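K.L.:
only the shape, not the letters, is given here:
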Ligand SMILES: Cc1cc2nc3c(=O)[nH]c(=O)nc-3n(C[C@H](O)[C@H](O)[C@H](O)COP(=O)(O)O)c2cc1C
């Protein structure tokens, strides 16, 4: 598949078939994330994969309550990848402060999109999840309080037969060529 076609094909998937993802495929997604670039090559990520249906269900019940409930659909996903950001080293932290840029979030973003595109190539849909009860997630998974978890990637096979269109701004609204 051409790269642009893969990019067009990837859409947030929110309905999942009850079908496990082979661990080899999950590892291919992690490998794609591993190869992502990062500022100072810091690779500030760890990926915790949950592919047991019962564990997913009970975790999602815990972290997608009340104000987070519109993300309950991830309880049906075949796998969740919990993206654990690693502590910033002194240099990166200082550079980020001076520049006013949160480099680790850029890094995590690229890695997760590598993961999502690799999944898509394998016929696995995904959805970025940024809205969940992070405290409860850490408690449930017994992760240290100091860990930062900004996003979860849900993964699964498409249940719906309807093709979803992409809603995007037109290209002429988002670019310009610099003129001297
Ligand atoms: C950082 C980030 C956080 C997101 N959080 C959520 C979320 O909590 N729940 C959800 O259903 N979709 C979430 N999304 C998916 C976006 O809504 C989706 O990517 C956007 O609407 C574009 O649609 P598409 O992915 O189908 O192209 C998130 C996406 C990103 C990049």
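P.N.:
Ah, there it is. Everything quoted here is computed from the prediction, not taken from an experiment.

K.L.:
tell me the contacts of residue 118?
P.N.:
Contact analysis of residue 118 by Cβ atoms under 8 Å, 6 or more residues apart in numbering lists 28-29, 31-33. (Each C-beta comes from the backbone N, C-alpha and C, glycine too.)

K.L.:
and with 6 Å instead?
P.N.:
28-29, 32 (Cβ atoms under 6 Å, 6 or more residues apart in numbering).

K.L.:
tell me the confidence at it?
P.N.:
Reported pLDDT at residue 118 in the predicted model: 98.

K.L.:
so it sits in a strand?
P.N.:
No - Residue 118 is assigned helix when assessed by DSSP: H, G, I helix; E, B strand; the rest coil, not a strand.

K.L.:
how much space separates it from residue 159?
P.N.:
Residue 118 sits 21 Å away from residue 159, going by Cβ to Cβ, to the nearest Å.

K.L.:
burial count for residue 64?
P.N.:
Residue 64 has 22 neighbours, counted by other Cβ atoms under 10 Å.

K.L.:
what about the longest strand in this protein?
P.N.:
For the chain, the longest strand by residue count, based on DSSP state E, is strand 148-156.

K.L.:
so for that strand, what's the average pLDDT?
P.N.:
97.

K.L.:
what does stretch 135-150 contact?
P.N.:
So stretch 135-150 is contacted by 59, 62-63, 84-85, 134 (Cβ under 6 Å, 6+ apart).

K.L.:
8 Å instead, please
P.N.:
48, 58-59, 62-63, 65, 82-85, 87, 105, 108, 130, 134, 152.
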